[in-house]
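Student: Could you look at this predicted model? Sequence included:
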Amino acid sequence: MRKIPMIIDTDPGIDDAMMLTLACASEELDVLLVTTAAGNISQDKTNYNARAFLSYIGADVEVARGLDKPILRELEVAEDIHGESGLGNVDLPAPTLQCSERPAVQAMVETLLASPVPVTVVATGPLTNIAALLLAHPEVKSKIKMISWMGGSAVGGNMSPTAEFNAYVDPHAVEIVFRSGLPIVMSGLDVTHKAYITVEETQHIAAIGTDFSDKVVKMLTFYLGVMKRTPFHAENYDSTIRFHDLCAVAYVLSPELFEGQDCYVEVSLDGVTAGTTVVDYMGASGKTPNVKVLHSVKREAFVEQFMQAVEAISKRIK
């Protein structure tokens with residue numbers, strides 16, 4: 001069976017590292033390229049973290065540097081959530097993977113054009129790099145199978161009362177991508193706050209007993225301690241850790257784990273609602289749906305998939 005060719009645009013970030021774990025453990029995916037976005041932390045740090053984490057887990061993949069700031073706004077980061085380094089209190093060995101000589105947009109264009117089949121693009125940070133790609137090179141649209149993005153929200157936000165962080169950081173990029181005409185799947189807060197692992201379940205990861213599983217638990221524990229309360233938090237909020245970014249890859253691997261609805265979605269660009277993704281669930285606008293909005297996940301199967309990925313990586317790097 002042909003593997004699914006994939007480009008990942010990411011801003012590591014603790015949950016981004018968990019996403020990369022799943023992507024690189026899967027035998028069904030062929031990760032052709034990783035590009036780094038400025039979001040959770042600065043571009044310097046996200047690029048370093050991507051290279052350090054991928055080097056540590058033994059992934060041989062090109063890592064290209066993306067844009068340093070959003071299209072029209074100043075960058076706002078989330079070091080309060082991910083720590084100053086971006087990976088909580090976990091130290092990784094210096095990366096053996098070097099930063100690509102190709103900037104992100106060039107690397108994406110050349111990778112897409114070289115692929116014999118359309119490529120799935122997974123984005124787990126602000127959509128700055130993806131928007132720049134589509135603006136500068138609309139000719140590559142036919143080479144993109146779909147964009148699976150972790151971002152946005154139908155009801156409430158975690159960066160403002162109505163806006164999710166990735167959409168808030170670069171709403172203009174969201175608008176460009178949502179108007180591209182490409183198939184888009186949005187894993188917003190509506191589903192990602194249902195995609196959680198419990199503290200008890202992390203002990204099953206700890207029981208794997210490898211340096212990698214220990215680092216995973218350490219990152220998740222740090223994440224638990226700094227997560228913000230939002231309209232979506234579970235009743236057992238103080239003992240659950242949300243796997244936001246993991247959803248974007250998990251959907252590609254196992255769409256049957258998720259439920260969603262095709263909707264027309266647009267984004268607010270400024271003012272108090274900047275970054276708000278307005279989801280027309282009722283079809284009141286009369287406009288053609290442009291995004292598949294996920295809202296539910298089979299949590300236990302989702303967590304089991306992640307645990308298997310941690311075991312696979314642990315065996316690989318012993």
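Tutor: Thanks, I have the structure now.

Student: Glu266: what's it in contact with?
Tutor: With contacts defined as C-beta atoms under 8 Å, 6 or more residues apart in numbering, the neighbours of Glu266 are 175, 178, 277-278. Glycine gets a C-beta too; all of them are placed from N, C-alpha and C.

Student: Write a ChimeraX command that selects only the buried members of those residues.
Tutor: Remark: buried members of the contacts of Glu266, expressed as a ChimeraX selection using 16 or more other C-beta atoms under 10 Å:
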select :175,178,277
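
Student: Look up how far Leu257 lies from Gln98.
Tutor: Here the criterion is C-beta to C-beta, to the nearest Å. By it, Gln98 lies 36 Å from Leu257.

Student: quick one, which of these two is more surrounded?
Tutor: The residue with more neighbours, out of Gln98 and Leu257, is Leu257; 19 against 10, by other C-beta atoms under 10 Å.

Student: Tell me how many other residues crowd the nearest residue to Lys69 once chain neighbours are set aside.
Tutor: Nearest residue to Lys69, sequence neighbours excluded (C-beta to C-beta, 6 or more residues apart in numbering): Leu75, at 4.5 Å. Neighbours of Leu75 under the rule other C-beta under 10 Å: 17.

Student: what kind of secondary structure is Tyr48 in?
Tutor: Assigned state for Tyr48: helix (three-state reduction, DSSP: H, G, I helix; E, B strand; the rest coil).

Student: what number of residues lie near it?
Tutor: Counted with other C-beta under 10 Å, Tyr48 comes out at 22.

Student: mind listing the strands for the stretch 1-150 of the chain?
Tutor: 4-10, 29-36, 63-65, 119-123, 144-150 (DSSP state E, counting those that start in this stretch).

Student: who wins for proximity to Ala312 among those strands?
Tutor: Evaluated over these, closeness to Ala312 peaks at strand 29-36, with 12.2 Å, by C-beta to C-beta.

Student: In a helix, Gly209, correct?
Tutor: No: Gly209 is assigned coil when assessed by three-state DSSP, not a helix.

Student: returning to that earlier point: would you format the strands of the stretch 1-150 of the chain as a markdown table with mean neighbour count included?
Tutor: Shown next, in a markdown table, are the strands of the stretch 1-150 of the chain (neighbours: other C-beta atoms under 10 Å):
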| stretch | mean neighbour count |
| --- | --- |
| strand 4-10 | 25 |
| strand 29-36 | 24 |
| strand 63-65 | 24 |
| strand 119-123 | 26 |
| strand 144-150 | 24 |
